[in-house]
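Colleague: Sharing a model prediction with you, sequence too.
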Amino acid sequence: MLEKRTPIPVGEAVKKIMAYQLKGSAEYISINESNGRFLAEDLKATHDVPHFDRSPYDGFAVRSADTKEASMENPAVFEVVDHIGAGHVTSKNIGPFQAVRIMTGAQMPEECDAVVMLELAKAYEEDGKNFMSIKRSYNSGDNVSFKGEDAKKGDSLVKKGTKINPGIQAILATFGYAEVPVAKKPVIGLFATGTELLEVHEPLQPGKIRNSNAHMITAQIERAGAEVIYYGKLPDEFDTCFDAVKEALNSVDILITTGGVSVGDFDYLPGIYEKLGAEVLFNKVAMRPGSVTTVAQHEGKLLFGLSGNPSACYVGFELFARPIIRKMLFSEKPHLRKETAELVAEFPKANPFTRFVRTAVNYSGGRLVAAPSGVDKSNIVMSLAGANSLMILPGGTRGYGMGDIVEVLLLEDHEGSEWPW
Ligand SMILES: Nc1nc2c(c(=O)[nH]1)N[C@H]1C(S)=C(S)[C@@H](COP(=O)(O)OP(=O)(O)OC[C@H]3O[C@@H](n4cnc5c(N)ncnc54)[C@H](O)[C@@H]3O)O[C@H]1N2
Ligand code: MOO
Ligand SMILES: [Mg+2]
């Protein structure tokens, strides 16, 4: 007899998954490989930056007290007793009315407390000695880049769980992280099920289609920050699928399958979970697409049975698999970021289910506007290409139209949200 499934709200389904404390772990990798990875520790300043006072200009380091009387009519004259570029430190003691020709980035001589830009000084030579004169006065600290101006030792800089970007690369290098503590990428196994599936290089045959889900989900897993082991496609045969799933579970943190999860005669995933003795957390969600998304837990591992229908598969991954992956990457905001946008399309028909419409959001005159990125059906592939977001249209008694303010979940954002439901 056909089993009756009870749909649960999206938020409840996500909560059940997040209750599984799949633990992330850390590893050290070369800074050269760390861009795009997720920090496994808070970053703190381990020393002042810069760690010495330095010149921010090419110019002359002076003692500001010696400049006090300088004016257009009465220039102050300095003997230039040394000449240093960045990386060099003067060994001279700088006395009254002496200066050091200093280049950007070079350490300030101890006695000097101001820098005159080259353009504002007149340099000349007399009797084999170097001099320069200035026509204005300087205050202590003028044109000095002070120790600790960029960061003070102990400052909190970047939070654990943040995705490493080019700016964070600069910080890591500044503090000498040749090896960077990052979250180990969770290992996600992937099977695409379906006797109808052809590999990407195979010519079309009657009744068969190319396996697009495997490539799509692989890219989604990578976008989420995890590592994928693609085990290939499986025919709709119970024993073959059961053995493959059981075996793969030994080597992965999470196992994702696509297809075979609904109520069809060749939809074997529900039977496979049962034979495994896995605990099914839910097998129906009150949403479209992706209503058949099923998640089970077996010996501390999660099994995601995503729909075979491409758009349903895509949405199921983003709402349910992405957050647990991000959690294993130490994110405090593992869910998709939610924003509001103005709808620039018509959805006149009321729908009983909450819909997640593949959407392109864009800025227009300072506002965020949302338009569907193609046909809104779960078996559609083409609308996925232009989707940078999922528009949430709650189920109810009315449709939605131009100008309505809707909520959107951003797919390519790196901030995330703590809990959008
Ligand atoms: N009687 C009912 N039939 C269906 C129901 C239902 O509630 N009662 N739910 C429908 C909904 S909603 C969805 S979504 C699909 C889910 O189907 P499955 O997850 O079991 O997936 P399959 O049956 O294996 O395939 C569905 C569809 O997707 C195509 N597919 C599968 N794998 C791939 C792939 N790797 N790449 C591209 N396309 C793929 C497959 O050929 C089918 O067309 O069930 C409805 N039916
Ligand atoms: O609900 Mo199915 O899971 O739309 O696509
Ligand atoms: Mg099916």
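Modeller: Great, that's in hand. Ligands and ions are numbered 1, 2, ... in the order given.
Colleague: how close does Leu198 sit to Glu69?
Modeller: 87 Å (Cβ to Cβ, to the nearest Å). For the C-beta atoms, the positions are set from N, CA and C on the backbone; glycine is no exception.
Colleague: Find the residue closest to Trp421 in space, skipping its chain neighbours.
Modeller: Nearest non-adjacent residue to Trp421, counting by Cβ to Cβ, 6 or more residues apart in numbering: Gly11, 3.1 Å away.
Colleague: Just give me how far the strand or helix carrying the one you found sits from the chain centre.
Modeller: Here Gly11 is covered by helix 10-18, with elements defined by DSSP states H and E. Put simply, helix 10-18 sits 22 Å off its chain's centre (Cα atoms, centre = their mean, to the nearest Å).
Colleague: Also stretch 223-235?
Modeller: Its chain's C-alpha centre and that of stretch 223-235 lie 20 Å apart, by Cα atoms, centre = their mean.
Colleague: what sits up against it?
Modeller: With contact meaning Cβ atoms under 8 Å, 6 or more residues apart in numbering, stretch 223-235 is reached by 36-38, 163, 183, 185-195, 197, 199, 211, 214, 217-218, 221-222, 240-241, 244, 248, 251-252, 254, 321-322, 325-326, 328-329, 412.
Colleague: Filter those residues down to just the buried residues.
Modeller: Burial by neighbour count, judged by 16 or more other Cβ atoms under 10 Å, picks out 37-38, 163, 183, 185-194, 197, 211, 214, 217-218, 221, 241, 244, 248, 252, 254, 321-322, 325-326, 328-329 from the contacts of stretch 223-235.
Colleague: Is any residue of the helix or strand where Ile256 lies near ligand 1?
Modeller: For Ile256, the element it lies in under DSSP H and E is strand 254-258. Yes - counting by Cβ under 6 Å from any ligand atom, ligand 1 has neighbours in strand 254-258: Thr258.
Colleague: Report the angle between the helix or strand following that strand and strand 254-258.
Modeller: Downstream of strand 254-258, the next assigned helix or strand under DSSP H and E is helix 269-276. Here helix 269-276 runs at an angle of 150 degrees relative to strand 254-258 (axes from the mean of the first three to the mean of the last three Cα atoms, to 10 degrees).
Colleague: And helix 269-276, what's buried?
Modeller: For helix 269-276, a neighbour-count test (16+ other Cβ under 10 Å) marks 269-270, 272-273, 276 as buried.
Colleague: what's the answer for stretch 22-30, then?
Modeller: Those would be 22, 24, for stretch 22-30 by 16+ other Cβ under 10 Å.
Colleague: and it, how far apart are its ends?
Modeller: End-to-end distance of stretch 22-30 (Cα to Cα, to the nearest Å): 26 Å.
Colleague: What lies in contact with that stretch?
Modeller: Stretch 22-30 has contacts (Cβ under 8 Å, 6+ apart) with 37, 40-41, 178-184, 186, 253-254, 300-302, 324, 327-330.
Colleague: Could you list which of those residues belong to strands?
Modeller: 179-183, 254, 301-302 (DSSP state E).
Colleague: Which of the residues you listed sits closest to Asn74?
Modeller: Taking Cβ to Cβ as the measure, Asn74 sits nearest to Val180 out of the ones in strands among the contacts of stretch 22-30, at 56.4 Å.
Colleague: and the spatially closest residue to that closest one that is not a sequence neighbour, how many neighbours?
Modeller: Nearest non-adjacent residue to Val180, counting by Cβ to Cβ, 6+ apart: Ser34, 4.2 Å away. By other Cβ atoms under 10 Å, the residues close to Ser34 number 20.
Colleague: picking up where we left off before, between Leu198 and Glu69, point out the one with more neighbours.
Modeller: Taking neighbours as other Cβ under 10 Å, Leu198 and Glu69 compare with Leu198 leading, 15 against 9.
Colleague: Contacts for the helix or strand where Gly316 lies next, please.
Modeller: Using DSSP H and E, Gly316 sits within helix 310-316. Applying Cβ under 8 Å, 6+ apart, the contact partners of helix 310-316 are 212-213, 216-217, 220, 258-259, 287, 289-293, 304, 306-307, 356, 358, 377-381, 383-384, 387, 390.
Colleague: who does Val187 bridge with?
Modeller: Here Val187 shows beta-bridge partners Glu227, assigned using DSSP bridges.
Colleague: Likewise for the one 10 residues further on?
Modeller: The partner list for Leu197 in beta bridges (DSSP bridges) reads Ile209.
Colleague: Distance of it relative to ligand 2?
Modeller: Leu197 is 18 Å from ligand 2, where distance means Cβ to the nearest ligand atom, to the nearest Å.
Colleague: Tell me the residues on the stretch 251-400 of the chain that lie near ligand 2, please.
Modeller: Applying Cβ under 6 Å from any ligand atom, we find that the stretch 251-400 of the chain lies next to ligand 2 at 288-292, 307, 309, 312, 378.
Colleague: Okay then, goodbye and thanks.
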